[in-house]
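Trainee: The following comprises the amino acid sequence and a computationally predicted model.
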Amino acid sequence: MVNTQPLAGKVALITGSTSGIGLATAHVLAEQGINLALHGLLNDSDGEVLTKQFSDKYDINVYFSNADLRDAKAIELLINDATSALGNIDILINNAGIQHTERAEKFPVEKWSDIIAINLSAAFHTIQQSLPAMQKNNWGRIINIASVHGLVGSVNKSAYCAAKHGIVGLTKVVALENAEQNITVNAICPGWVDTPLIKQQIVDIAEREALSFEQAQYNLVTAKQPLPEMMKPQQIGEFILFLCSDSARAITGSSLPMDGAWTAQ
């Protein structure tokens, strides 16, 4: 018989998994019987509710943390506690990220520091803490959610672009260092993704320019990418699932655009 859930029983840590891409990915992986360490900005009681929702729906083991990813010690505690609760981390998905836009000469120093810490340094720390167990088990999957801005620049996004370009470089190095140990490391570089944050941007544009929501969305998306639609977060989750499979064993060290041909131009 064909095993329809070959990853069942694996443990995945997904940072920033209480909304958007992270939450959608959590549902995709949970459907495959993968145990989950969820992470996000929820308080402890709301985190417990989310944990119970996943464990009840999918019959998997679930752990939740609201660790501050700006703090390397908090990340170390997150990895240790998740491992104690679920077992060694087999799949690491660095998804958490924040954004702030401003010209470089006006960019607030504290915003720069937070964006670099959460969008880049946190991924280094989670990788460093997770790799020894993956190396010992001779199996691991690390997927870093970069961005199209890890491949190209945009005005007013100096910190975000710096961090995402850094994620692409980090991905390449860790992939090279672990290529012989059945550990793959890849970066996904999405373009426009249908998330609540983007929806609010569209609402603001529509109000400012007296446009319908649909026209404002079309104008926003096609200003950068030829494909006139945003991706659904679940699509990224499904791509992540593929990268965790044996079929994707030879894909490592790659920066993989999901950007509607944004970077093809």
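Mentor: Yes, it's here. Computed from a predicted model, the values in this text were never measured in an experiment.

Trainee: name the helices or strands packed onto the top strand by length along the chain?
Mentor: As assigned by DSSP state E, the longest strand anywhere in the chain is strand 183-190. Here strand 183-190 touches helix 122-137, strand 140-145, helix 158-178, helix 233-244, strand 255-258, going by 3 or more Cβ pairs under 8 Å, 6 or more residues apart in numbering; DSSP states H and E. Glycine gets a C-beta too; all of them are placed from N, C-alpha and C.

Trainee: Out of these, which one sits most buried?
Mentor: Ranked by mean neighbour count, the helices and strands packed on strand 183-190 are led by strand 140-145 with a mean of 26 (mean count of other Cβ atoms under 10 Å).

Trainee: quick one: it to chain centroid distance?
Mentor: Centre-to-centre, strand 140-145 and its host chain are 9 Å apart (Cα atoms, centre = their mean, to the nearest Å).

Trainee: One more: stretch 101-114?
Mentor: With Cα atoms, centre = their mean, you get 22 Å for stretch 101-114.

Trainee: buried set for that stretch?
Mentor: In terms of neighbour count (16 or more other Cβ atoms under 10 Å), stretch 101-114 has its buried residues at 107, 111, 112, 114.

Trainee: As TSV, the residues you listed with secondary structure would be great.
Mentor: Output for the buried residues of stretch 101-114, formatted as TSV (DSSP: H, G, I helix; E, B strand; the rest coil):
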residue	secondary structure
107	coil
111	helix
112	helix
114	helix
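
Trainee: Go through those and name the one nearest residue 13.
Mentor: residue 114 (21.1 Å; Cβ to Cβ).

Trainee: Touching, that closest one and residue 97? I think so.
Mentor: No. Residue 114 is not in contact with residue 97 according to Cβ atoms under 8 Å; the separation is 10.7 Å.

Trainee: What lies in contact with the helix or strand harbouring residue 200?
Mentor: Assessed by DSSP states H and E, residue 200 sits inside helix 196-209. Helix 196-209 has contacts (Cβ atoms under 8 Å, 6 or more residues apart in numbering) with 19-20, 99, 192, 211-213, 215-217, 219-220, 230.

Trainee: how close does residue 32 sit to residue 98?
Mentor: For residue 32, the distance to residue 98 (Cβ to Cβ, to the nearest Å) stands at 29 Å.

Trainee: rewinding a little: how far does the helix holding residue 200 sit from the chain's center?
Mentor: That offset, for helix 196-209, works out to 23 Å (Cα atoms, centre = their mean).

Trainee: Please identify the residue most distant from the middle of the protein.
Mentor: Distance to the chain centre peaks in the chain at residue 210, reaching 33.8 Å (criterion: Cα atoms, centre = their mean).

Trainee: Model confidence score at that one, please.
Mentor: pLDDT for residue 210: 96.

Trainee: cool, and the one 4 residues further on?
Mentor: With respect to pLDDT, residue 214 scores 95.

Trainee: neighbouring contacts of the host helix or strand of it?
Mentor: Residue 214 belongs to helix 213-222 when assigned by DSSP H and E. With contacts defined as Cβ under 8 Å, 6+ apart, helix 213-222 is touched by 192, 201-203, 205-206, 209, 211, 227-230, 260.

Trainee: from the residues you listed, which would you call buried?
Mentor: 192, 202, 205, 206, 230, 260.
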